[in-house]
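A.B. asks: here is a sequence together with a model predicted from it:
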Amino acid sequence: NVDRLRRRIFKGGISPDVRPIVWKFLLNYHDFNASNQEREQAIAIKREQYFALQQQWQTMFPAQLKRFTLMERRLEIIDKDVIRTDRTHPKYAVAGGPYLKSLESILRTYSIFNFDLGYV
């Protein structure tokens, strides 16, 4: 039973070595009832969707952003938030480092994905 499993993990936690796998199920990224092949197909589709969303902001040019002020403002806010990320954490200690670039990309892409929600 999925609900019992969730409660058990909530109360007792989960071993760090299996967290990357288990969290994908708990957050409904993977279907509990899907086969490995079905999960791999779903991952391929999600990856394609993600890169299509990512290209939407990556291919905007400055003149286009000037006419799309809502998006321009969101990207500015995301850029400021990324700069303010906790630099005491080792992964974010280096300005312009790969983890900060990845965080920026994820936030920008999510902003496109859920545009009506916005970015706050």
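C.D. replies: Perfect, thanks for sending it.
A.B. asks: helices and strands of the chain: which one bottoms out on pLDDT?
C.D. replies: helix 2-12 (a mean of 88; mean pLDDT, DSSP states H and E).
A.B. asks: who touches the helix or strand following that one?
C.D. replies: Reading on from helix 2-12 to the C-terminus, the next helix or strand found by DSSP states H and E is helix 19-26. Contact partners of helix 19-26, identified using C-beta atoms under 8 Å, 6 or more residues apart in numbering, comprise 6, 9, 14, 29-30, 32. C-beta here means a position set from N, CA and C on the backbone, and glycine is covered the same way.
A.B. asks: try 10 Å
C.D. replies: For helix 19-26, contacts defined as C-beta atoms under 10 Å, 6 or more residues apart in numbering pick out 2, 5-6, 9-10, 13-15, 29-32, 34, 39, 43.
A.B. asks: go on, stretch 96-115?
C.D. replies: Stretch 96-115 is contacted from outside by 49-58, 60, 70-71, 74-75, 77-79, 81-83, 85, 87, 89-94, 117-119, using C-beta under 10 Å, 6+ apart.
A.B. asks: from the chain's centre, how far out does that stretch sit?
C.D. replies: Taking C-alpha atoms, centre = their mean, to the nearest Å, one finds stretch 96-115 lying 7 Å from the centre of the chain it belongs to.
A.B. asks: many thanks, I have nothing further to ask.
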